[in-house]
Every structure is written in structure tokens, then in C-alpha cells.
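Engineer: Just a sequence and a predicted model for now, questions to come.
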Amino acid sequence: MVPVVPLIGMHSTTLSRMDIWSCLSNGEKMAKSQIIALNTYGMDGIFTFMDLTVEAEALGAKLEVSKEGIPMIRGGPVQSTSDLKKLKLPDPHKDGRLPVFLEATTIMADQVGSELSVGAFITGPFTLASHIMNPDRLLSEIVLDPFLVHKVVEFATEVTVTYAKALKESGAHMLAILEPMATQQILSTEMFREFASPYIQKIVRGLKHPLILHICGNTISLIEQMMQTGVNALSVDSKVDLLHIKKIVGDQVCILGNIDPVNVLLLGKPTDVEEEVKKCIQKMGRKAYILSSGCEVPLGTPTENIEAMIKSGHSYGKCIKTCYRNTTSHLQAS
């Protein structure tokens, strides 16, 4: 059976008619919006909203909220080693909007967690480090002061583990590590091995919980290293060839993906979605595979396209309503 779990986050507000920022700053509203999407589409798992700013904001990073309600980091708190020493680990139950995501996770787990898998997102250490220092500064310091970079990424790892443990305690059955800054378009294979992989491994060892690793873009050259981090599953972008992935990983880890969120889900027709679903399942088979979007489903995606993804995924994947135990077993058995 193939579980179908598109990465639906802010898109749910088009169904709930809620303001994006109100959901990102209120756990009850976020959970309600996501459960409305779950009831509308009938997917086999549910996540909190995908927000890469929440940990950095709790550390003191400057945040800018767009008219649409989408937050962006506009200045990190660390410029030197002395600045880093001033930072304290945020309390997930008190600082910034971390409690909002804990509350949303708890509500979703309480309402649907006995039947379906409930997941949450955490920002990967290297990406969080880029928010703490600012991306350009972090990348330049890889060459100029790698010691500082390691210190910042190490601190970011502590933040991530602390927050992840709180999400786990709040009821999250699985957690997805988001590392967009670790893409091969930014980090070479050698840089990934030095500045990203060891810290993801620390999360795996420190958490001991089903973990998914998502890195944007074409990650073919990084797949083996991504596997070696010890995560249970890899979420791959639409730019990745699933057949190539299958040859590399076999059934060693679970794969999530990788319907194109823009060209197919946002801009395509239901027939286009159905065709891509068939291709994905034919390439990956029905073992250690979860049909998903290559990244977060865009805000304006037509509902009929998501419905087509769920319906055709269940049809071609021969999947009845998949319970929490069946879905997460794909991760735990990897």
C-alpha cells in the first residue's frame, strides 16, 4: 500500500478561510485549518505548517511579515563568536512562537493521531545557522572562519534537538528536518559532509524518533550522504529522478515524493496529476514509499488537483485509508 501525504501547510487557509499569520501565531487556528484540509482531501497523514523562521525568531532574529502573512528572516543575531556566547537555548514552551507549534501538534495528535500519522517540521542545523548569521555571511565564513561556522551550526543543533524533543512530547509521530541551505546548489559534497551531515546525525542520535530529511533541488549527488545521516526517510524534490534514487537506496530508507508542486499541482490539470502519480508509483513500487509533493503545496493550488493526487494515489497504490501505524511503519522499518 502507498500512503499519500502531500505537504499541505499554508494552502489549508484557502479552505479554512483563515489568515496565514493568524494560523502561524495561534496553535488552535493552525490545527483547525489543517484538520479542515485533512477532512476535505482525505490524505493519510497531517503536518503542522512549514515555517523556517520559528526557531530563529525565538533566538532573536528579526522577522518581517509580508502582506500575505508569510514571515521572512531579516537579520540574524550573530556576527561573531562573542555574539554566539550571548545566545541562550530557547524554551520551546515559552519563547517566540515555538509554543504555537507545540499546541498545534498536541491538538492534531489528540484529534486524529489515533488513526493517522501526525508530523511536524524542524529547521535543519545548517539552515538555522544561516538564519542566525545571515546566509551570505555564513557561506563566506566557511572559507574565512570555518571554526565559527562549526560553532554556530553546533549551537543550532542544540536548539533543534531541544525543540524536536518538545514536539515529540507534544504528540508528533514523525518529524521532518528541513535543510534548504544544504542543497548541492549551495554546498559542495565535501562541504555537506563537513558542515551539515555530522549535525543531522547528532539530531538522529539525540532524538531516537522517526525522522524525515528534506533538501530542496536536485540532490542526486547527496543521496548517499543523506542516507548515512541515519534518518528514516528522505523527502525528495521534483527535480530528482525517482528511478535513479531507487537504484541508490533500494528499500534501505523510505522515500517521500515527488510530484512537482508548481508545474503539476499548481499549474497542471487533474489528468496531469493522475499521470504523474502513476509514474511515481510505477518507479518506486509499493514498499518503503510515501507518495507526496516534492515540496510544500503552493498556496493557490486548485483543490481538484490535490483531490486527484489523493484519489489516484489510493487507486494506483492500492491503498485503503491508512492508519497511523501503517504510515509510520514505512519510516520505522526503513
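Structural biologist: Yep, it's here.
Engineer: low-confidence ranges in this protein?
Structural biologist: Low-confidence segments of the chain (pLDDT under 70): 319-334.
Engineer: redo that, cut-off 50
Structural biologist: 320-327, 333-334 (pLDDT under 50).
Engineer: Where do the strands of it begin and end?
Structural biologist: Applying DSSP state E to the chain gives strands spanning 45-47, 63-65, 71-73, 117-123, 174-178, 211-215, 233-236, 254-259, 289-293.
Engineer: Any chance you could list what contacts stretch 220-228?
Structural biologist: Residues outside stretch 220-228 that contact it (CB atoms under 8 Å, 6 or more residues apart in numbering): 182, 184, 189, 192-193, 197, 201, 213, 215, 219, 234, 240-241, 244-245, 248-249, 252-253. Bear in mind the C-beta positions are built from the backbone N, C-alpha and C, glycine included.
Engineer: Now with 10 Å, please.
Structural biologist: Stretch 220-228 is contacted by residues 179, 182-184, 187-189, 192-193, 196-197, 200-201, 213-215, 219, 234-236, 239-241, 244-245, 247-249, 252-253, 255, 334 when judged by CB atoms under 10 Å, 6 or more residues apart in numbering.
Engineer: Also stretch 64-76?
Structural biologist: Stretch 64-76 is contacted by residues 10, 13, 18-25, 51-54, 56-57, 59-63, 83, 97, 128-135, 137-138, 152, 299 when judged by CB under 10 Å, 6+ apart.
Engineer: Residue 15 and residue 257: what is the separation?
Structural biologist: Residue 15 sits at a distance of 23 Å from residue 257 (criterion: CB to CB, to the nearest Å).
Engineer: quick one on the thing from earlier: can I get the strands of the chain in a markdown table including mean neighbour count and distance to residue 164?
Structural biologist: Below are these laid out as a markdown table (neighbours: other CB atoms under 10 Å; distance: least, CB to CB, whole Å):
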| stretch | mean neighbour count | distance to residue 164 |
| --- | --- | --- |
| strand 45-47 | 25 | 14 |
| strand 63-65 | 14 | 21 |
| strand 71-73 | 17 | 20 |
| strand 117-123 | 27 | 5 |
| strand 174-178 | 24 | 6 |
| strand 211-215 | 26 | 8 |
| strand 233-236 | 27 | 15 |
| strand 254-259 | 26 | 18 |
| strand 289-293 | 27 | 20 |
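Engineer: quick one, which of these is nearest to residue 90?
Structural biologist: strand 117-123 (12.3 Å; CB to CB).
Engineer: Alpha carbons of that closest one, in PDB - could you do that?
Structural biologist: Extracted in PDB, the C-alpha atoms of strand 117-123 (Å, rounded to 0.1, in the frame of the first residue of the first chain):
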ATOM      1  CA  SER A 117       0.200  10.000  11.400                       C
ATOM      2  CA  VAL A 118       0.800  13.500  12.700                       C
ATOM      3  CA  GLY A 119       4.100  15.200  11.800                       C
ATOM      4  CA  ALA A 120       5.900  18.500  12.400                       C
ATOM      5  CA  PHE A 121       8.800  20.300  10.900                       C
ATOM      6  CA  ILE A 122      12.100  21.400  12.300                       C
ATOM      7  CA  THR A 123      14.700  23.600  10.700                       C
END
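Engineer: That one versus strand 289-293: what angle between them?
Structural biologist: Put simply, strand 117-123 runs at 60 degrees to strand 289-293, going by axes from the mean of the first three to the mean of the last three CA atoms, to 10 degrees.
Engineer: Each with direction, which strands does strand 117-123 pair with?
Structural biologist: Note on strand 117-123: by DSSP bridges, its sheet partners are strand 45-47 (parallel), strand 174-178 (parallel).
Engineer: Which residues does the shortest one contact?
Structural biologist: With CB under 10 Å, 6+ apart as the contact definition, strand 45-47 has outside contacts at 3-9, 12, 31, 34-35, 37-38, 104-105, 108-109, 111-113, 116-121, 172-176, 212, 256, 290, 292, 296, 322, 324, 327-328.
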